[in-house]
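1. sequence? don't have it. structure:
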């Protein structure tokens, strides 16, 4: 049995006197069989490449497993945050009207903290129901600032607000809510916009 050693410090190719290579040790105790009609220097060089590629690929695989685990941890944390770490979600619904009694027929109601926001779509009769992750799935208990978005009418390419613009921002609306709300209800009354309201 003749042993070819190319000086690269790894496992070798063992061949018998007929030139038939019977096996090749690629590392970690794993032996892979192969056969060739003749053994020459190119075959041994290719085996060196195969061995090196195995180790590079294995290193990348180990790194990939580490990164996958890291991503799973990050995703789990995001799910916990988005689920609203404050406990079971509470259903909240209500109606949005203008101060003259007419219903607001479009837009969204938004409940917001510094790190979390829930919303509910305003229906054509002014009603809405709040959702956090899914539509209408409720809101975690806590203190929220309330504001609306999309309450307006289109004129050309612009959406003109129909309510006073202070209601369009959480920091200026002056509206707040504590969840759970009494009877799980929260009605909003908005002052009409001085020029855009019909």
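-> All right, it came through fine. Given the structure is predicted, the values throughout are model-derived calculations rather than measurements.

2. ok, residues contacting stretch 117-124?
-> Applying Cβ atoms under 8 Å, 6 or more residues apart in numbering, the contact partners of stretch 117-124 are 92-93, 96, 103-112, 128-132, 135-136, 139, 144, 148, 150-151. Using the backbone N, CA and C atoms, a C-beta is placed for each residue, glycine as well.

3. Where do the helices of the chain begin and end?
-> 41-82 (DSSP state H).

4. Could you list the low-confidence segments of it?
-> In the predicted model of the chain, residues 1-87 satisfy pLDDT under 70.

5. Show me the domain layout of it.
-> Domain segmentation of the chain under automatic domain parsing yields 2-82, 93-190.

6. just the buried members of the contacts of stretch 117-124?
-> 92-93, 96, 104, 106-112, 128-132, 139, 144, 148, 151 (16 or more other Cβ atoms under 10 Å).

7. From those residues, which land in strands?
-> The strands, defined by DSSP state E, take in 93, 96, 108, 109, 110, 111, 112, 128, 129, 144, 148 from those.

8. how long is stretch 118-135 from one end to the other?
-> Counting by Cα to Cα, to the nearest Å, you get 9 Å between the two ends of stretch 118-135.

9. go on, stretch 95-108?
-> End-to-end for stretch 95-108, by Cα to Cα: 11 Å.

10. and the nearest residue to residue 111 once chain neighbours are set aside, what does it touch?
-> Counting by Cβ to Cβ, 6 or more residues apart in numbering, residue 144 is the residue found nearest to residue 111 once chain neighbours are left out, at 3.8 Å. Residue 144 makes contacts with 111, 112, 113, 118, 176, 177, 178, 179, as judged by Cβ under 8 Å, 6+ apart.
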